[in-house]
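>>> sequence and predicted structure, then a few things I'm wondering about:
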There are 2 protein chains.
Amino acid sequence: MHEQRRPTLSDVATRAGVSKSLVSLVMRDEPGASPATRRRVHEAADQLGYHPDSRARLLRSGRSRLLGVVFGIQHAFHADLVTDLYTAARATGYELSLSAVTPDRDEQEAITGLLQDRCEALILLGPQSAAQALAALAARIPVVVLARGVRETGVDVVRNADADGLRLAVDHLAGLGHRRIAHVDGGRAPGAADRRRGYREAMRRHGLDQETCVVPGGLTEEDGAAAARRLLDGELLDGDRPTAITVFNDRCATGVLDVLIRARVDVPGEISVVGYDDSRLARLAHVDLTTIGQDTTAMTELAVARAIARVAGTPVDRREVVVPPRLVVRGTTGPAT
Amino acid sequence: MHEQRRPTLSDVATRAGVSKSLVSLVMRDEPGASPATRRRVHEAADQLGYHPDSRARLLRSGRSRLLGVVFGIQHAFHADLVTDLYTAARATGYELSLSAVTPDRDEQEAITGLLQDRCEALILLGPQSAAQALAALAARIPVVVLARGVRETGVDVVRNADADGLRLAVDHLAGLGHRRIAHVDGGRAPGAADRRRGYREAMRRHGLDQETCVVPGGLTEEDGAAAARRLLDGELLDGDRPTAITVFNDRCATGVLDVLIRARVDVPGEISVVGYDDSRLARLAHVDLTTIGQDTTAMTELAVARAIARVAGTPVDRREVVVPPRLVVRGTTGPAT
DNA sequence: TTGAAAGCGCTAACAT
DNA sequence: ATGTTAGCGCTTTCAA
């Protein structure tokens, strides 16, 4: 039923009564063929329903014009990034080749698949691999790491200024009169260390060293829920509840919010909450989460541009590009009582 | 820096001191090479950092061994399906080629990309395309539709018995003594019509025609939240609140739950809630949602097997495979008061 | 402007 | 078990 062979360039050449070379030129809109020939070739191609075989074309020309993207399929924020990557790539003439990391398919496997597809560069979203492994990979193919900082040389990094993000959050809360501001961190997740640092520095700057309180969290709702319970139980802060909580990311913040609401804590009346990422989650009307937004459009455009520059061998000035975050005020933050 | 030519099969052959054929066999794990040779080839390949060129491979073999998968990157349930599809494909020797639908990239575009990659068959997750368009596509390439019913011939369908799922939900609630059971539906989403029908039939069977109440919903949290507000306002059911709500899917149910909790309605004390999908969302400890589970493992295995059978030209008995759903009782349902 | 020939990196058929 | 040969469909010299 689907056994019919597709027409090849040779078929078109025969039908048009010219050589394969001419057909090749015409199909690629390259100069070097007479208008008359051009017309006949196009006619023949149309009649046969000919479509060039990109594999053969790429095999011969030695290029794939493919950008490999490794992402975590369970990460909502990665979904946002992939969405924007498609948009960013559209203008460049490169295609995206997606390779997902799942509970059953690790990063290495995802990368191997992309390598076999002969992607010309790799864009990794929040990769978990060791910096050393990334550097080794980068020796073979241009690598752009998105949404994670990597010290090793060899890989390009596009990330948001995580520390600044938490400064924005703390400044916002302090401006509202909050003093007991806790931070539910992201543990060992990409960016977590920087955000923690940003929180600590901002607290210090506001003279709130005594109130500084980092609660171990993580990047899932579960982690947030667990952290919120501990906070409510008064285990931290000398038994006092915080009046505001900054959370590693929106997903985790959702867990925090959920526990607060179930405990009948008024948000933001009694406790204010700030997330991170400005993911679709935060924008939901019934969540309406104040958060720190990453400029995903800028970040993805930079990542694609950087990858292509590396492929083209264009000299690139900085290995790392840091995009400033912005505060997005919504309904979960209010004046301290 | 990355100008060095990638190692080819010939390079490996030279280094290992054997012919290209042997290397080819070894790389594909085909029989016909001695263990000693196998070891030496693998060593040489590792040292060179060799990765087979899939384009050349498929150009020569005339096959891509690629299964195209179209999925909505914002759909959490699709993420679950993709996860299982990778697992299902692993055993078959086929690779998955992912193509995402995003707000900026429609289904047609996603499909076109896969077609150019010369995928041998397409697996579409809850496609929005008209049945007719799907049939037209199926004339060119085997198409398996997952998580949506399609009447048109020509495409294979693997789906769960949506109507049965809602029957399970209603039976469960009726068994707990509930009578005023509402249904927040999925509008025009794939499967919504069947679930609505299952709800209506089950209500009738329990002699609850008078209590039947379908509230327009959708597949997002927003939709669920809006529906819950209307339910609480007593606009429906002659001003009486329902004591139980069945919801189109987990995501929508989350919105319902959120509004209920904020309104200080005790779940399940005052109102029980049942979702659909048994997505990761429902399993979160703090959500702990009673739901109807789709057997994603079975469905994805069937989808992959079906796609491969079509490619191989194996006769297939039924166009449509329907997998039974199962009730997953968690914490959001309890006895009627 | 045109065509012939030589591969791109690989697999498959046929040797040995 | 191993090597040799001939392409897959295309682009790219190089000649004519």
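Looks like it came in fine.
>>> please make it C-alpha for all contacts and neighbour counts, starting now.
Will do.
>>> separation between the residue nearest in space to the middle of chain A and A:Tyr276?
Centroid-nearest residue in chain A: A:Leu81, 3.9 Å away (criterion: Cα atoms, centre = their mean). With distances defined as Cα to Cα, to the nearest Å, the gap from A:Leu81 to A:Tyr276 amounts to 14 Å.
>>> okay, the helix or strand harbouring A:Ala163 in CSV with CA atoms only?
Taking DSSP states H and E as the definition, one finds A:Ala163 inside helix A:162-175. Only the C-alpha atoms of helix A:162-175 are listed here, as CSV (Å, rounded to 0.1, in the frame of the first residue of the first chain):
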residue,chain,number,x,y,z
ASP,A,162,19.9,33.8,39.0
ALA,A,163,21.4,35.7,41.9
ASP,A,164,19.9,38.9,40.6
GLY,A,165,16.6,37.2,40.4
LEU,A,166,16.5,36.5,44.0
ARG,A,167,17.7,40.0,44.8
LEU,A,168,14.7,41.3,43.0
ALA,A,169,12.4,39.0,44.9
VAL,A,170,13.8,40.0,48.3
ASP,A,171,13.9,43.7,47.4
HIS,A,172,10.2,43.5,46.4
LEU,A,173,9.3,41.8,49.7
ALA,A,174,11.4,44.1,51.8
GLY,A,175,9.8,47.0,50.0
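>>> following that helix, which helix or strand comes up?
Using DSSP H and E, the next helix or strand after helix A:162-175 towards the C-terminus is strand A:181-184.
>>> next one: that next one to chain centre, how far?
Strand A:181-184 sits 25 Å away from the centroid of its parent chain (Cα atoms, centre = their mean, to the nearest Å).
>>> what's next to that strand, contact-wise?
Contacts to strand A:181-184, defined as Cα atoms under 8 Å, 6 or more residues apart in numbering or on different chains, come from residues A:170, A:173, A:196, A:199, A:211-218, A:224, A:227, A:242-248.
>>> can you list the strands that that strand pairs with?
Using DSSP bridges, the strands paired with strand A:181-184 in its sheet are strand A:213-215 (parallel), strand A:244-247 (parallel).
>>> pick the most buried one from those strands.
Comparing those by mean neighbour count (mean count of other Cα atoms under 10 Å in any protein chain shown), strand A:244-247 comes out on top with a mean of 29.
>>> what about dumping the CA coordinates of that strand to PDB?
Output of strand A:244-247 as PDB, limited to C-alpha atoms (Å, rounded to 0.1, in the frame of the first residue of the first chain):
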ATOM      1  CA  ALA A 244       7.100  35.800  53.100                       C
ATOM      2  CA  ILE A 245       8.700  33.000  51.200                       C
ATOM      3  CA  THR A 246      10.900  33.100  48.100                       C
ATOM      4  CA  VAL A 247      10.900  29.700  46.300                       C
END
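>>> what's in contact with the helix or strand following it?
Secondary structure here is assigned by DSSP H and E; on that basis, the next helix or strand after strand A:244-247 toward the C-terminus is helix A:250-262. Taking contacts as Cα under 8 Å, 6+ apart, the residues outside helix A:250-262 that touch it are A:217-229, A:247, A:266-267, A:273-279, A:281-282, A:287, A:289, A:291, B:261-262, B:286.
>>> now with 7 Å?
Contact partners of helix A:250-262, identified using Cα atoms under 7 Å, 6 or more residues apart in numbering or on different chains, comprise A:218-225, A:228-229, A:247, A:275-279, A:281-282, B:261-262.
>>> and the closest residue to A:Ala174 other than its chain neighbours, how many neighbours does it have?
Leaving out its chain neighbours, the residue that sits closest to A:Ala174 by Cα to Cα, 6 or more residues apart in numbering or on different chains is A:His206, at 7.6 Å. Counted with other Cα atoms under 10 Å in any protein chain shown, the burial measure for A:His206 works out to 13 neighbours.
>>> what does A:Met203 give?
25.
>>> so what's it up against?
The contact partners of A:Met203, by Cα under 7 Å, 6+ apart, come to A:Val170, A:Asp209, A:Thr212.
>>> same question, A:Ser64
Applying Cα under 7 Å, 6+ apart, the residues near A:Ser64 are A:Leu58, A:Arg118, A:Cys119, A:Glu120.
>>> please repeat the previous calculation with a cut-off of 10 Å.
Counting by Cα atoms under 10 Å, 6 or more residues apart in numbering or on different chains, A:Ser64 touches A:Ser54, A:Arg55, A:Arg57, A:Leu58, A:Tyr94, A:Glu95, A:Asp117, A:Arg118, A:Cys119, A:Glu120, B:Arg55.
>>> again with A:Ala303
By Cα under 10 Å, 6+ apart, A:Ala303 lies in contact with A:85, A:88-89, A:122-124, A:143-146, A:156-159, A:297, A:309, A:321.
>>> what residues of the host helix or strand of it count as buried?
Mapping A:Ala303 onto the secondary structure by DSSP H and E places it in helix A:296-312. Of all the residues in helix A:296-312, those buried under the rule 16 or more other Cα atoms under 10 Å in any protein chain shown are A:296-297, A:299-304, A:306-308, A:310-311.
>>> equivalent analysis for stretch A:165-184, please.
Of the residues in stretch A:165-184, A:165-174, A:178-184 count as buried by neighbour count, 16+ other Cα under 10 Å.
>>> stretch A:25-32 too?
Buried residues in stretch A:25-32 (16+ other Cα under 10 Å): A:Val26, A:Met27.
>>> any residue of that stretch touching DNA strand C?
Yes. Using Cα under 7 Å from any atom of the strand, stretch A:25-32 reaches DNA strand C at A:Gly32.
>>> what's the answer for stretch A:107-116, then?
No. Stretch A:107-116 lies apart from DNA strand C when judged by Cα under 7 Å from any atom of the strand; the minimum separation is 8.4 Å.
>>> I'd assumed A:Val143 was in contact with A:Gly154.
Yes. Between A:Gly154 and A:Val143 there is a contact under Cα atoms under 10 Å: 7.9 Å.
>>> the two - which one has more neighbours?
Neighbour tally, A:Gly154 and A:Val143, criterion other Cα under 10 Å: the higher count belongs to A:Val143, 26 against 20.
>>> find the nearest non-adjacent residue to the more buried one, please.
According to Cα to Cα, 6+ apart, the nearest residue to A:Val143 is A:Leu122 (4.8 Å).
>>> how much space between the one you found and chain B?
Here the criterion is Cα to the nearest Cα, to the nearest Å. By it, A:Leu122 lies 13 Å from chain B.
>>> which strand residues bridge the nearest residue to A:Val214 once chain neighbours are set aside?
Leaving aside its sequence neighbours, A:Val214 sits nearest to A:His183 (Cα to Cα, 6+ apart; 4.8 Å). Listed beta-bridge partners, A:His183: A:Val214, A:Thr246 (assigned using DSSP bridges).
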